[in-house]
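>>> next come a sequence and a model predicted from it.
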Amino acid sequence: MRKVTSPTLILLPFAGLAMAVCGCQEAPIDPPALADQAALNAREVVHQTGGGVAFTQSDDSGLRKILTGTGHASDGLGAMAAALPPGMMSAMSDTPMARAAAGMPSLRTTDEQFDDTADDLRVWLRTRILADGNLESQTSDQAVYLLHGDPTCRALPLDGAPVGTVPALDAHCADQLERLQVRVVLRADGDGVRLTIEVGPDKLELSAFVIHSNLLAIETDLAKAHTATTFIDQTLGSDSPMGGTQFEQLEGTVRVSLRKDGDKKVTFAVSLPAAIHVATRSASGTLGPDVQVAATDPLIALAADGVAQAATATVNLGAVDVLANWNPQSISGQTPNRDLHVAVGGLTGATTFTEGIKELVSKGLGVGSSSVRVRGMSIFDLDLNPSDMHRFDLRISIDPAGEPHFAVTPRFDLSLGLHLGLITNDFVRESPPPSYTLDEVYRIRLDQGGATATVATVPASGAFTGGLAVGPGTLTLSSTKVADPIVVPAGKCLTGVSTVPPGAHPILGALSVVDCPQ
């Protein structure tokens with residue numbers, strides 16, 4: 001057999017030599033130029049954010065509720081490590097957005113506050129952080145900035161200050177930076193930069209910032225951030241927010257981003273690029289919670305369009321598993337355990353609200369099959385739309401009388417299984433679980449053969465005490481302990497009764513199908 005030799009293979013060993021001779025290798029980075037570009041990019045993203053969300057800030061804006069609700073999604077994360085070490089943000093503490101966040105009133109519009117803050121951010125990043133005087137070292141692919149009290153801890157110049165005025169230096173900030181040895185490692189990344197924040201002589205990574213022409217993002221590796229935060233607490237003599245808590249597991253990455261999508265169009269998002277697993281013990285070895293959350297991108301997102309004056313809030317939570325303490329009687333001194341297991345099959349949905357339109361449109365609302373178990377025994381099960389990928393679409397509108405109408409497609413089919421009879425011995429005899437929770441499966445179904453089905457609230461009128469009107473579609477409520485389900489056809493109303501008939505089911509027996517008031 002004749003050996004075949006490719007001319008390309010023969011030339012490959014010489015390719016690298018030829019590139020080196022002709023000077024074609026990648027050029028070394030230019031730290032000042034990258035710093036200038038990063039500062040300008042950061043300013044542009046913040047500027048567009050102001051245009052994107054300004055319409056939501058009026059007193060009568062319905063979208064303020066969406067923005068507020070999304071902001072509360074991070075309320076429970078207060079114990080997470082800060083993305084920046086103490087002192088580093090000192091010069092930004094008096095910006096318009098910082099004052100607004102602190103509740104201080106302002107006569108400037110939202111657009112103006114964002115623009116002023118964007119300008120301050122550009123100056124802060126270039127002259128306080130990536131300042132030439134902070135440059136400690138550089139190689140062909142990175143530059144390291146060691147933050148010094150001067151200039152990092154000097155306030156930003158004030159508008160209207162006399163020429164030659166030197167901004168004040170924050171001595172406390174300068175002392176913290178000197179003790180913490182805060183470094184910012186700059187590397188080229190896409191059309192921008194990646195800034196890694198390191199602390200201490202061992203250069204422990206606290207967080208990383210990504211700045212592109214259309215993106216600001218903060219990434220935190222939980223394990224690395226915990227190690228860095230421990231060093232910060234020990235160095236500054238602060239009490240750790242975790243106290244004596246020890247980690248059995250500490251894995252995962254959290255990313256918070258702000259992306260410019262166009263003129264006055266931005267998206268804020270929280271993502272989990274790597275799955276979260278946090279399991280704790282006390283200093284004495286007592287078990288704490290064990291939480292796992294699947295990687296998800298994004299976990300939550302809020303897209304604001306200042307041109308269309310619309311916003312879309314999206315939730316895409318992956319599978320969640322929580323092992324927690326089971327102590328229904330709240331017995332003091334009981335050794336904590338992990339007998340309670342909560343498993344959520346994920347949450348999805350995207351809800352859009354447009355200013356001036358009394359309508360809320362949601363797509364793909366859903367929750368995966370979920371359960372609650374105690375010592376391996378299932379005491380609660382939830383299943384939504386099992387034949388429709390566990391999802392449905394929902395449209396909420398308001399009629400001229402101010403009553404909401406709910407339209408679902410293709411259907412709403414929810415099953416709830418309660419099996420507390422398996423754990424009755426865990427409760428005191430005087431307070432056992434109610435009879436209708438011992439071993440029963442409830443089902444709520446609103447359907448019109450896959451076409452849109454609707455229900456609307458109906459206020460009390462005369463003898464009618466208020467309830468739900470169905471149509472088009474059929475609303476069915478059932479229980480495995482009740483022979484005949486409650487069926488509400490189109491054109492009828494579901495209402496409550498003042499007294500549950502003897503022998504009737506405690507829940508279904510309290511409902512009745514009646515003619516709707518005219």
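On my side now, so go ahead. Numbering: from 1, shown residues only.
>>> name the next helix or strand downstream of the lowest-mean-pLDDT helix or strand in the chain, please.
In the chain, the helix or strand scored least confidently by mean pLDDT, DSSP states H and E is helix 7-22, which has a mean of 38. Going down the chain from helix 7-22, the next helix or strand is helix 31-53, by DSSP states H and E.
>>> name the helices or strands packed onto that next one?
If contacts are counted by 3 or more Cβ pairs under 8 Å, 6 or more residues apart in numbering; DSSP states H and E, helix 31-53 sits against helix 110-124, strand 183-189, strand 192-199, strand 204-212, strand 215-221, strand 246-262, strand 265-281, strand 296-305. For the C-beta atoms, the positions are set from N, CA and C on the backbone; glycine is no exception.
>>> redo these as a markdown table? Include mean neighbour count and mean pLDDT.
Output for the helices and strands packed on helix 31-53, formatted as a markdown table (neighbours: other Cβ atoms under 10 Å; pLDDT from 0 to 100):
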| stretch | mean neighbour count | mean pLDDT |
| --- | --- | --- |
| helix 110-124 | 19 | 82 |
| strand 183-189 | 19 | 96 |
| strand 192-199 | 22 | 96 |
| strand 204-212 | 21 | 96 |
| strand 215-221 | 20 | 94 |
| strand 246-262 | 17 | 93 |
| strand 265-281 | 18 | 94 |
| strand 296-305 | 20 | 93 |
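>>> make a markdown table from the ones you listed and add distance to residue 417 to it.
Converted to a markdown table, the helices and strands packed on helix 31-53 look like this (distance: least, Cβ to Cβ, whole Å):
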| stretch | distance to residue 417 |
| --- | --- |
| helix 110-124 | 48 |
| strand 183-189 | 49 |
| strand 192-199 | 48 |
| strand 204-212 | 43 |
| strand 215-221 | 38 |
| strand 246-262 | 30 |
| strand 265-281 | 28 |
| strand 296-305 | 27 |
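>>> sec struct for residue 421, please.
For residue 421, the assignment made with DSSP: H, G, I helix; E, B strand; the rest coil gives helix.
>>> ignore what I typed, I meant residue 291.
strand.
>>> surely it meets residue 275?
No - with contact defined as Cβ atoms under 8 Å, residue 291 does not count as touching residue 275 (10.9 Å).
>>> coming back round to it: can you check which of the helices and strands packed on helix 31-53 gets nearest to residue 87?
Nearest to residue 87, of all those, is strand 192-199, at 10.9 Å by Cβ to Cβ.
>>> partner strands of that closest one, parallel or antiparallel?
strand 183-189 (antiparallel), strand 204-212 (antiparallel) (DSSP bridges).
>>> can I get the ones you listed in CSV with distance to residue 247?
Below are the strands paired with strand 192-199 laid out as CSV (distance: least, Cβ to Cβ, whole Å):
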stretch, distance to residue 247
strand 183-189, 25
strand 204-212, 16
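>>> for those strands, which one sits closest to residue 303?
strand 204-212 (17.7 Å).
>>> in the stretch 351-500 of the chain, where is pLDDT below threshold?
Regions of the stretch 351-500 of the chain meeting the criterion pLDDT under 70 are absent.
>>> what is the end-to-end distance of stretch 446-461?
The straight-line separation of the ends of stretch 446-461 (Cα to Cα, to the nearest Å) is 25 Å.
>>> let me see the residues that make contact with it.
For stretch 446-461, contacts defined as Cβ atoms under 8 Å, 6 or more residues apart in numbering pick out 399, 401, 403-413, 464, 466-476, 493, 516-517.
>>> go on, stretch 388-406?
Applying Cβ under 8 Å, 6+ apart, the contact partners of stretch 388-406 are 345, 348-349, 358-369, 383-385, 407-413, 454-459.
>>> what's the answer for stretch 429-442, then?
Contact with stretch 429-442 is made by 381, 415-421, 423-424, 427, 477-481, 505-507, as judged by Cβ under 8 Å, 6+ apart.
>>> if we use 10 Å, what do you get?
328-329, 379-381, 383, 414-427, 477-482, 505-508 (Cβ atoms under 10 Å, 6 or more residues apart in numbering).
>>> which of those fall in strands?
Using DSSP state E, the subset of these located in strands is 379-381, 383, 414-418, 477-479.
>>> select, from these, the two members most distant in space.
379 and 477 (21.8 Å).
>>> still on that earlier bit, out of the helices and strands packed on helix 31-53, nearest to residue 155?
The closest of the helices and strands packed on helix 31-53 to residue 155 is helix 110-124. By Cβ to Cβ, the value is 10.0 Å.
>>> who are the packing partners of the closest one?
Helix 110-124 sits against helix 31-53, helix 96-101, with contacts defined as 3 or more Cβ pairs under 10 Å, 6 or more residues apart in numbering; DSSP states H and E.
>>> worst average pLDDT in the ones you listed?
Ranked by mean pLDDT, these end with helix 96-101 at the bottom, a mean of 57.
>>> hmm, residue 368 is touching residue 316, no?
No - look at residue 368 against residue 316 with Cβ atoms under 10 Å: they stay out of range, at 11.6 Å.
>>> overlap in contacts of these two?
Counting by Cβ under 10 Å, 6+ apart, the contacts common to residue 368 and residue 316 are 346-348.
>>> so how far is residue 112 from residue 261?
As defined by Cβ to Cβ, to the nearest Å, residue 261 lies at a distance of 22 Å from residue 112.
>>> where does the closest residue to residue 155 other than its chain neighbours sit: helix, strand or coil?
Among residues not flanking residue 155 along the chain, residue 167 sits closest, at 4.1 Å (Cβ to Cβ, 6 or more residues apart in numbering). Under three-state DSSP, residue 167 falls in the coil class.
>>> the helices and strands packed on helix 31-53: which one's closest to residue 229?
Closest of these to residue 229 is strand 204-212, at 7.2 Å (criterion: Cβ to Cβ).
>>> please point out which parts of stretch 397-407 sit buried.
For stretch 397-407, a neighbour-count test (16 or more other Cβ atoms under 10 Å) marks 397, 406-407 as buried.
>>> would you turn the residues you listed into CSV with secondary structure?
Conversion of these to CSV gives the following (three-state DSSP):
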residue, secondary structure
397, strand
406, strand
407, strand
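>>> is it possible to get TSV of those residues that adds distance to residue 188?
Output for the buried residues of stretch 397-407, formatted as TSV (distance: Cβ to Cβ, whole Å):
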residue	distance to residue 188
397	50
406	51
407	50
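>>> from these, pick the one nearest residue 286.
Checking the buried residues of stretch 397-407 against residue 286 by Cβ to Cβ gives residue 406 as the nearest, at 46.3 Å.
>>> which residues does the closest one bridge with?
So, taking DSSP bridges as the rule, residue 406 has residue 396, residue 455 as bridge partners.
>>> what of residue 184?
Per DSSP bridges, the residues bridged to residue 184 are residue 145, residue 197.
>>> hmm, back to that, show me what contacts the residue nearest to residue 155?
Contacts for residue 167 were tallied using Cβ under 10 Å, 6+ apart; they are 91, 128, 151, 153-158, 161.
>>> how many other residues sit next to the residue nearest to residue 143 when sequence neighbours are not counted?
Leaving aside its sequence neighbours, residue 143 sits nearest to residue 31 (Cβ to Cβ, 6+ apart; 3.8 Å). Neighbourhood size, residue 31 [other Cβ atoms under 10 Å]: 18.
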